[in-house]
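A.B. asks: prediction below, plus the sequence it came from.
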Amino acid sequence: MIRFLRSGSPFRLPPVRQPPFDAQLYHFAALHGIIGAILWKEKGEAGVPNTQSRRIALCGVLAALGVVVLLVGSALGLGTYAAPMLACFLLLPALEEYGPRAALCQYAATAILALLLVPEPELSLFYALALGPYPVLRARLERLRPAALRWAAKFAFFNAAVALVYALLLLVLSPPGLAAEFAAAGVPYLAALAVLMNLAFFLCDRAVAALGRAYRLRRRRKRRPPAP
């Protein structure tokens, strides 16, 4: 991300190394089966046939779509932070329809596939550790009172997750040139980047709230009986 901002060129595509297509299908089929095995244990709604089947299908399709969003963001070289935010929005239908367990299963499948298939480790780790589970965690954090404590907990989670992402990148994965990029960027530049990341997280939180309200409103209108 720092290299892209310093170069100013949005048209240089990074080299993409992906597993063979057969391996990608195998990974997706295996994780789809794990989602099904976990969700099938839950009881469906009374009087609604095939609730488990719809739940598995919805989570599997949205998990695959999340991986596609992350792959496109990596291929374009523009979505290191934007693609994980868009992918986390895809948890909202499962969260609103079937609860946190289904949403967490979808998140886990997307995160594992992203770590296996997405060639940019910064992007996949940013989704897996920082933004992927946030819609589910946010539903719990919204219970905190007062609002100052709630926002402090949200920003503490985000900054701790970002620190863990870059600690893993620098100390464990060590992509070529990443440490040199951080050293060359300088402290003021990194501080400005941290402020922008927190601002983007704030906007992401507001977007999750707005999309959740819109989804619940649409669902109520859809289920409302027609006027006589």
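C.D. replies: Nice, thanks for sending it over.
A.B. asks: ok, the residue nearest the centre of the chain - contacts?
C.D. replies: The geometric centre of the chain, computed from its C-alpha atoms, lies nearest to G132 (C-alpha atoms, centre = their mean), at 2.8 Å. Residues near G132 by C-beta atoms under 8 Å, 6 or more residues apart in numbering: P84, A87, C88, L91, Y107, T110, A111. Heads up, the C-betas are built off the backbone N, CA and C, glycines and all.
A.B. asks: looking at those residues, which is nearest A163?
C.D. replies: P84 (16.0 Å; C-beta to C-beta).
A.B. asks: tell me the secondary structure at the nearest residue to the closest one once chain neighbours are set aside.
C.D. replies: Nearest non-adjacent residue to P84, counting by C-beta to C-beta, 6 or more residues apart in numbering: Y127, 3.8 Å away. Using DSSP: H, G, I helix; E, B strand; the rest coil, the structure places Y127 in helix.
A.B. asks: helices of the chain, start to end?
C.D. replies: Taking DSSP state H, the helices of the chain run over residues 2-7, 21-39, 51-76, 82-89, 92-98, 100-117, 121-125, 134-141, 147-168, 178-185, 187-223.
A.B. asks: now the ones you listed in CSV, with mean pLDDT?
C.D. replies: Shown next, in CSV, are those (pLDDT from 0 to 100):
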stretch, mean pLDDT
helix 2-7, 45
helix 21-39, 51
helix 51-76, 88
helix 82-89, 92
helix 92-98, 91
helix 100-117, 92
helix 121-125, 90
helix 134-141, 93
helix 147-168, 94
helix 178-185, 74
helix 187-223, 89
